[in-house]
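A.B. asks: Need a 3D model of the following:
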Amino acid sequence: MEDRNRQRETGTPGTDDSNLGEIRSQADELLRAGDAAVQRALSGDASAFLQANRQQGGQ
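C.D. replies: Numbers count the residues shown, from 1 in each chain. Next up is the predicted model:
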């Protein structure tokens with residue numbers, strides 16, 4: 001995977017890498033938000049976590 005990423009970083013002919021930094025920034029924000037959501041869900045005991053994520057109806 002490193003080779004693929006390295007190739008994209010250097011810019012391959014025929015690709016538009018002009019907004020690559022913005023896309024990476026948005027991806028980092030998404031990862032941080034996901035990590036925060038997981039941390040909120042896992043803080044506390046397991047029964048509270050299971051209760052908060054119990055399937056209801058036809059979900």
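
A.B. asks: Tell me the secondary structure of Asp17, please.
C.D. replies: Recorded secondary structure, Asp17: coil (DSSP: H, G, I helix; E, B strand; the rest coil).

A.B. asks: should've said Gly58
C.D. replies: Relying on three-state DSSP, one would call Gly58 coil.

A.B. asks: Show me where the chain has its helices.
C.D. replies: With helices called from DSSP state H, the chain shows them at 2-10, 20-42, 46-52.

A.B. asks: want to try CSV for those helices, with mean neighbour count, distance to Gly58 and mean pLDDT as columns?
C.D. replies: C-beta coordinates here come from the backbone N, C-alpha and C atoms, glycine included. Output for the helices of the chain, formatted as CSV (neighbours: other C-beta atoms under 10 Å; distance: least, C-beta to C-beta, whole Å; pLDDT from 0 to 100):
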stretch, mean neighbour count, distance to Gly58, mean pLDDT
helix 2-10, 9, 40, 59
helix 20-42, 10, 22, 90
helix 46-52, 10, 19, 73
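
A.B. asks: how many neighbours does Asp17 have?
C.D. replies: 12 (other C-beta atoms under 10 Å).

A.B. asks: ok, it to Leu31 distance?
C.D. replies: To Leu31, Asp17 is 20 Å away according to C-beta to C-beta, to the nearest Å.

A.B. asks: go on, Gln55?
C.D. replies: 26 Å.

A.B. asks: Over to Ala37?
C.D. replies: Separation of Ala37 from Leu31 (C-beta to C-beta) stands at 11 Å.
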